[in-house]
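1. Got a sequence here, can you model it:
(one chain, ligands or ions: 1)
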Amino acid sequence: MKQKTERHRREEHGFSLPARLASFRYAFNGLMTMILEQRNAQIHLVATIAVLALGVLTGLNSVEWIMLMLAITLVWIAEALNTALEYLADAAVPETHKLVGKAKDVAAAGVLIAAAFSLIIALWAFWP
Ligand SMILES: Nc1ncnc2c1ncn2[C@@H]1O[C@H](COP(=O)(O)OP(=O)(O)OP(=O)(O)O)[C@@H](O)[C@H]1O
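-> All right, here's what the predicted structure looks like:
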């Protein structure tokens, strides 16, 4: 019992490699959930692969690669937060609620902003 208490204390207050590895696994599970369940994430995945392939084929320079990677990362972060908010909202308020609708729309706006930025960066990077 004492040992269990000590383990919990370490996991809460100190560094624990198994706990850190478990956190990575949870995050990876979240990524897989998003890709398997969200149509928008599937579109992002296809777009990401297409853009990376085009980047390799056209031979982008370092600055173009960095900007492109930044844009891709922003879209994935925005989509992950949007998806998390949708799951939480649906769990907390299963029925229709005006504020839930607003919250989902604002979260979706975050994805839209990131996607618009990505489009601008892609046009800039791939423009002949
Ligand atoms: N519980 C709710 N109450 C009020 N309005 C809602 C609710 N759920 C969704 N809506 C409205 O419907 C819109 C679409 O919601 P939904 O959860 O289907 O998001 P989506 O991004 O279109 O779906 P998906 O992520 O599955 O493609 C929301 O942006 C919001 O305006």
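
2. could you give the mean pLDDT of the longest helix anywhere in the chain?
-> When the chain is scanned for its longest helix (criterion: DSSP state H), the result is helix 62-92. Across helix 62-92, the average pLDDT comes to 97.

3. How about it and the ligand, any contact?
-> Yes: Helix 62-92 comes into contact with the ligand (Cβ under 6 Å from any ligand atom), by way of Glu86. From N, CA and C alone the C-beta is placed, and that goes for glycine too.

4. what stretches of this protein score poorly on pLDDT?
-> 1-13 (pLDDT under 70).

5. mind listing the helices for it?
-> 2-13, 17-37, 39-58, 62-92, 98-126.

6. Can you lay out the ones you listed as TSV showing mean neighbour count?
-> As requested, the helices of the chain are arranged in TSV below (neighbours: other Cβ atoms under 10 Å):
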stretch	mean neighbour count
helix 2-13	10
helix 17-37	11
helix 39-58	13
helix 62-92	16
helix 98-126	15
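
7. Would you tell me which residues of the chain are close to the ligand?
-> Checking the chain against the ligand by Cβ under 6 Å from any ligand atom, the hits are 38-40, 86, 93, 96-97, 100-101, 104-105, 108.

8. and the residue of the protein nearest the ligand?
-> Gly101 (2.8 Å; Cβ to the nearest ligand atom).

9. All good on my end, thank you.
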